[in-house]
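Chemist: what's the 3D shape of this:
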Amino acid sequence: MAGLIDILVNNSAIIKSIAKQVGIDTKDADLIIKKLAPILMGGVKANLNSDKDSRGLIKHIESKKYSDILDKPDEHLKNSNFKEIGDEILAEITGSKENSREVAKHVEKETGVNSSIIKTILPMLAPIVIGVLTKKSSTSLENNSSSTDLTEVLSSLIDQDKDGSIIDDVMGMATKFIFS
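Modeler: Residues are numbered from 1 along each chain as shown. Modelled structure (predicted):
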């Protein structure tokens, strides 16, 4: 999963765009994104590996709506309904507003950045996570003719250590608590 997270946290255009939208410096945006990216990716993993319905997440990934978000973050972030879409995706990833608040509190403790800023960034970052997964899963599906099941491809992309564990690759016990 580190590769997927690296794609997200090493994209200076995303960091700059989010910093500009929120009104914080890029150093703080970088720090927050580095903390949130593994948590959100872990939320996707938890969603896909749980008994709950993953159709909402799969629908967003299959739409390919965010496949170019890594290349054009400003364009997406300026979209008037981006926050609404981000909130919808965030609910799919974390499971509830309460879980999202817990994520914000956890990241606030780790970064010292006010949770209200983190709560603003969460729905911005959620579609970007979907964009990363869309891009990587499309490539995997094209290169792997033996598997055409998107859920299977996504699970294998996210579970890099192939242990089947829901969250351990990402954030350990803290994330297990947040998404359980």
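Chemist: so what's residue 91 up against?
Modeler: Residue 91 sits next to 97, 100 when contact means C-beta atoms under 8 Å, 6 or more residues apart in numbering. (Each C-beta comes from the backbone N, C-alpha and C, glycine too.)
Chemist: Please report how far it lies from residue 34.
Modeler: For residue 91, the distance to residue 34 (C-beta to C-beta, to the nearest Å) stands at 23 Å.
Chemist: Residue 26 too?
Modeler: For residue 26, the distance to residue 34 - C-beta to C-beta - is 12 Å.
Chemist: ditto for residue 64
Modeler: 26 Å.
Chemist: So if I had to pick from those two, which one is more boxed in?
Modeler: Between residue 64 and residue 34, residue 34 has the larger neighbour count (other C-beta atoms under 10 Å), namely 17 against 14.
Chemist: before we move on, could you check phi and psi at the more buried one?
Modeler: Note on residue 34: backbone dihedrals following degrees, to the nearest 10 are phi -60, psi -30.
Chemist: contacting residues around the closest residue to it other than its chain neighbours?
Modeler: Of all residues not flanking residue 34 in the chain, residue 9 sits nearest, at 5.0 Å (C-beta to C-beta, 6 or more residues apart in numbering). Going by C-beta under 8 Å, 6+ apart, residue 9 touches 30, 33-34, 37.
Chemist: Quick check, residue 83 in contact with residue 122.
Modeler: No - counting by C-beta atoms under 8 Å, residue 83 stays clear of residue 122, with 10.2 Å between them.
Chemist: Which of the two has more residues huddled nearby?
Modeler: Legend: neighbour count by other C-beta under 10 Å for residue 83 and residue 122, higher for residue 122 (25 against 16).
Chemist: In terms of helices and strands, where is the more buried one?
Modeler: Using DSSP states H and E, residue 122 sits in helix 115-143.
Chemist: give the contact list for the residue most central in space within the chain.
Modeler: By C-alpha atoms, centre = their mean, the chain has its centre lying nearest to residue 129, at 3.4 Å. Contacts for residue 129 (C-beta under 8 Å, 6+ apart) come out as 8, 37, 40-41, 44, 89, 93.
Chemist: tell me the phi and psi of residue 66?
Modeler: Dihedral angles (degrees, to the nearest 10) for residue 66: phi -110, psi 20.
Chemist: With adjacent residues omitted, what lies nearest to it?
Modeler: residue 131 (3.5 Å).
Chemist: And the one you found, how far from residue 87?
Modeler: 16 Å.
Chemist: which other residues reach stretch 29-41?
Modeler: Stretch 29-41 has contacts (C-beta under 8 Å, 6+ apart) with 1, 4-5, 8-9, 14-16, 18-19, 22, 93-94, 103, 106-107, 110-111, 113, 117-118, 121-122, 125-126, 129, 158, 170-171, 175, 178.
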